[in-house]
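Participant: Have a look at this prediction, sequence included:
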Amino acid sequence: MSVTFTADWRPAGHFVVSCGCERATALAPRHDTYEEALAALPATGSRDPLPGCAMPDICPDYPLYVHDVDPDGDMPEVNVSEPNAVRLAELLGLLAPESSGADTTPALCATAREDRSLPGAAPDSAGPWHAACDAGRLPAGDFLGRVLVALALTPEDSGVDGYWSGRIHMGGRRAGYLQRRLAELRDLAHADHGRDVTWG
């Protein structure tokens with residue numbers, strides 16, 4: 001499971017027929033409505049690779065779909081694993097309140113804090129395992145303020161070693177990871193998109 005931070009969704013400005021590759025989607029002709037794009041889907045059968053496709057050798061073997069196009073172009077996204085999302089949420093002050101219900105801060109993570117005894121090294125010295133399951137949104141300025149405070153106050157991330165839980169390897173975290181991700185979140189909040197920052 002993972003959590004993605006990005007700009008708030010807006011209705012599509014246009015629609016394209018594409019294999020899904022970023023460059024092919026950017027170069028595809030725009031259609032004003034979903035129905036127009038649907039009508040532009042080629043009949044099944046052989047076709048040439050789409051211009052700009054990242055995998056032109058296999059592009060013709062895959063189906064094409066209608067994709068919506070954001071009116072402001074591609075919005076930046078920061079995608080992190082669930083354990084790393086919980087650590088970032090702690091740094092940003094986005095964790096759910098314990099159970100009082102008095103704090104209305106948007107929650108990224110469930111309030112449940114299960115103390116699981118896993119073999120091997122603990123995943124993080126920050127505390128027990130968390131389960132991220134909520135989504136939220138904040139005005140970009142508020143989110144940016146939280147990120148700047150976290151960048152200023154968070155010590156350099158020394159990383160966390162991976163560990164084994166039975167036959168499953170729980171990945172670690174490279175040194176400096178938190179600072180890199182916080183910098184990406186800063187850039188996301190700084191982006192001139194005039195939208196809230198959302199996550200889920």
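Facilitator: Arrived safely.
Participant: Would you mark the buried spots in the least confident helix or strand in the chain by mean pLDDT?
Facilitator: Every helix and strand in the chain was compared by mean pLDDT, DSSP states H and E; the lowest is strand 168-170, with a mean of 81. Across strand 168-170, burial judged by 16 or more other C-beta atoms under 10 Å covers M170. All C-beta spots, glycine's among them, are computed from the backbone N, C-alpha and C.
Participant: following it, which helix or strand comes up?
Facilitator: Per DSSP states H and E, strand 168-170 leads on to helix 177-190 as the next helix or strand towards the C-terminus.
Participant: other SSEs contacting that next one?
Facilitator: strand 2-7, strand 77-81, helix 82-92, helix 140-153 (3 or more C-beta pairs under 8 Å, 6 or more residues apart in numbering; DSSP states H and E).
Participant: at 6 Å what do you get?
Facilitator: Contacts defined by 3 or more C-beta pairs under 6 Å, 6 or more residues apart in numbering; DSSP states H and E place helix 177-190 against strand 77-81, helix 140-153.
Participant: Next, the buried residues of the last one.
Facilitator: The neighbour-count check on helix 140-153 (16+ other C-beta under 10 Å) flags 140, 143-144, 146-147, 150 as buried.
Participant: still on that earlier bit, quick one: contacts of the least confident helix or strand of the chain?
Facilitator: 162-163 (C-beta atoms under 6 Å, 6 or more residues apart in numbering).
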